[in-house]
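Trainee: Give me a 3D structure for the following:
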Amino acid sequence: MKTFRLAAAALCLSIVAVPAFAADPIGTWYTADKDSQVRITNCGGALCGALVGLKEPNDPATGRPKTDKNNADASKQSRPLLGVQIVLGMKPSGTPDQWSGQVYNASDGKTYSGSFTMTGSDTAELKGCVMGVICKSQTWTRAK
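Mentor: Purely as a prediction, here's the structure:
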């Protein structure tokens with residue numbers, strides 16, 4: 001009986017000691033409504049993400065590629081929307097599978113504090129907050 005208890009204790013300790021493997025955020029992701037694709041890359045130990053695909057890449061009014069027309073910086077309003085960084089310098093937050101930094105919202109042209117959290121191997125939550133109080137989030141899915 002004593003041998004059984006020692007074996008059971010050893011088994012429990014070995015289960016506890018196995019490290020959890022973090023999900024890898026690097027890759028291409030669909031935004032919540034699947035109208036955009038964002039490629040997440042490692043940029044100096046942080047996560048960065050640029051728009052690499054749009055369901056409707058051209059502005060219906062002009063027929064030309066969409067631009068960053070809502071950007072608060074007037075000098076950036078004519079740049080193409082494809083290639084714009086929207087996940088900015090997110091560093092590990094201390095919480096497993098979560099990075100904190102900034103999020104650029106091309107819809108309103110503003111940058112918010114935010115986080116990127118892996119919720120599964122192929123799902124993540126992107127959150128942006130105003131003054132840390134009012135937050136919006138969306139679930140992204142990994143593009144295959």
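Trainee: which SS class is the closest residue to Ile86 other than its chain neighbours?
Mentor: Leaving aside its chain neighbours, Ile86 sits nearest to Tyr104 (4.6 Å; criterion: Cβ to Cβ, 6 or more residues apart in numbering). C-beta: built from backbone N, CA, C; applies to glycine. Assigned by DSSP: H, G, I helix; E, B strand; the rest coil, the conformation of Tyr104 is strand.
Trainee: Wait, Tyr104 touches Val84, no?
Mentor: Yes. Taking contact to mean Cβ atoms under 8 Å, the distance of 7.0 Å between Tyr104 and Val84 places them in contact.
Trainee: When the two are compared, which one has more neighbours?
Mentor: Here Tyr104 and Val84 are set side by side on neighbour count (other Cβ atoms under 10 Å), and the busier one is Tyr104, at 22 against 19.
Trainee: Look up the residues forming beta bridges with the more buried one.
Mentor: As for beta bridges, Tyr104 partners with Thr111 under DSSP bridges.
Trainee: Is the residue most central in space within the chain in a helix, a strand, or coil?
Mentor: Among the residues of the chain, the one closest to the centroid is Phe116, at 4.1 Å (Cα atoms, centre = their mean). Reduced to three states with three-state DSSP, the structure at Phe116 is strand.
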